[in-house]
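# After the sequence you'll find the predicted model.
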Amino acid sequence: MEDIAHLIGHVLEHSIEDTLYLIPFLFVTYLAMEWLEHKAGDKAEEAVRRAGAAGPVVGALVGIVPQCGFSAAAATLWAGRVITLGTLFAVFLSTSDEMLPIFLAEQVAPATILKIMGVKLMIGMVMGFVVDAVIRLARRDREKLRIHELCERDRCHCNGDCETCEQQPELAYDFEHDEEHEHHHEGGSILRSVLKHTVQVTVFIFIITLVLDGALELVGEDALAAFLGSNPALSVLGSALVGLIPNCAASVVIAQLYVEGALGAGAMMAGLLVSAGVGLLVLFRTNRRLRQNLIVLAGLWAMGVFWGLIISSFGIAF
């Protein structure tokens, strides 16, 4: 019993120490990101909406901004067919979610962070254009706007009541057009949001660190590293599945495991490519065609696995 108590105490002590020093870095990072999102969020969303055939380029550039707010917005816009499916994939694949705050807090080299974000950006663009090209070849790219369906579902009461919406239906779900309807998109202060994100991610990091430290104490760091190293394909598949969890915890887990050396570059990339955060939840809520949503989900996972295996096979490191 004494040995167990000593082990638990040792693991707790190290986990608390490893987590506490990250809090200032997380707070400052989230403060900067929330300010950016409040200042440029509407402009970025408008750029995606009006991108047209260049949607995957703009979508990937917008998606690379940390946090999953843009992936949620993209899911809503695609549900209304305001943007293309390729643009949606570009946003989802490039979205960093919680990766950047974790890497910055863990003081990962800036060059490494830029390489990872650059690869996600390029993959998002490439796959976005591929998806749009396939859809055009299949002649499935002529769907009508379904914005008013979303308005009715969210009880905006704008169908038939707004001449502007009738002439330009894409404005019916435009956040800048909300004041003319009964949209009520709640928002809080930047500081409250920053504190909430910081606390949530700190708790996630503590739990992950606690589990990792406990596993390393029981199994041994060398044994764990040997197992993961001997099964690169399995780690890629597993990481991509974890990345599909529609919560910021997924990207926190993957980024932390990569920093700890428990995940290789391929597995890390596979998981982070599919980590669209709450964007997936918004997709299933706003687009009621379940089959389409499942195809998007399967396609996202397949793309993550594909690129993860490519990176692992060629021994690419960041």
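That came through, no problem.

# C-alpha only now, for contacts and for neighbours.
OK.

# Could you pull up the contacting residues of V296?
The contact partners of V296, by Cα atoms under 8 Å, 6 or more residues apart in numbering, come to none.

# List the buried residues of the helix or strand that contains it.
V296 is part of helix 290-313, with elements assigned from DSSP states H and E. Within helix 290-313, the residues scored as buried using 16 or more other Cα atoms under 10 Å are 293, 296-297, 300-309, 311-312.

# Stretch 101-109 too?
Buried, per 16+ other Cα under 10 Å, within stretch 101-109: 101-106.

# would you list those residues in CSV and tack on secondary structure and distance to I316?
Formatted as CSV, the buried residues of stretch 101-109 follow (DSSP: H, G, I helix; E, B strand; the rest coil; distance: Cα to Cα, whole Å):
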residue, secondary structure, distance to I316
P101, helix, 23
I102, helix, 21
F103, helix, 19
L104, helix, 22
A105, helix, 24
E106, coil, 22
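
# Closest one to Y258 out of those, please.
Closest approach between the buried residues of stretch 101-109 and Y258, by Cα to Cα: F103, at 9.5 Å.

# The closest one and L85, how far apart?
According to Cα to Cα, to the nearest Å, F103 stands 30 Å off from L85.

# Over to L191?
Taking Cα to Cα, one finds L191 at 34 Å from L85.

# okay, these two: which has more neighbours?
L85 (24 against 14; other Cα atoms under 10 Å).

# and that one, what does it touch?
Neighbours of L85 in contact, by Cα under 8 Å, 6+ apart: 78, 128, 131-132.

# Show me the contact partners of stretch 240-260.
96-99, 102-103, 106, 108, 201, 204-205, 208, 239, 263-265, 267-268, 270-281, 301, 304-305.

# so where's the stretch 201-318 of the chain shaky on pLDDT?
205, 212, 216, 219-230, 247-249 (pLDDT under 70).

# again with the stretch 1-150 of the chain
Counting by pLDDT under 70, the stretch 1-150 of the chain contains low-confidence ranges at 1-2, 18, 21-22, 25-26, 29-30, 32-52, 66-69, 97, 139-150.

# What are the boundaries of the strands in it?
For the stretch 1-150 of the chain, applying DSSP state E, counting those that start in this stretch gives no strands.

# In stretch 278-291, which residues are buried?
278-280, 282-284, 286-287.

# With secondary structure and distance to Y258 as added columns, please give these in TSV.
Below are the buried residues of stretch 278-291 laid out as TSV (three-state DSSP; distance: Cα to Cα, whole Å):
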residue	secondary structure	distance to Y258
V278	coil	22
G279	helix	23
L280	helix	23
V282	helix	28
L283	helix	28
F284	helix	29
T286	helix	33
N287	coil	33
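
# didn't A317 look like it was pressed against A265?
Yes - using Cα atoms under 8 Å, A317 is in contact with A265, at 5.8 Å.

# Which one's more surrounded, these two?
A265 (20 against 12).

# For that one, give me its contacts.
Contacts for A265 (Cα under 8 Å, 6+ apart) come out as 258, 308, 311-312, 316-318.

# Can you add distance to K120 and give these back as CSV?
What follows is the contacts of A265, written out as CSV (distance: Cα to Cα, whole Å):
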residue, distance to K120
Y258, 16
G308, 11
I311, 12
S312, 15
I316, 14
A317, 14
F318, 12
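
# Now the helix ranked longest in the chain: buried residues?
Across the chain, the longest stretch assigned as helix under DSSP state H is helix 190-219. Judged by neighbour count (16+ other Cα under 10 Å), helix 190-219 contains these buried residues: 190, 194, 197-198, 201-202, 204-210, 212-214, 216.
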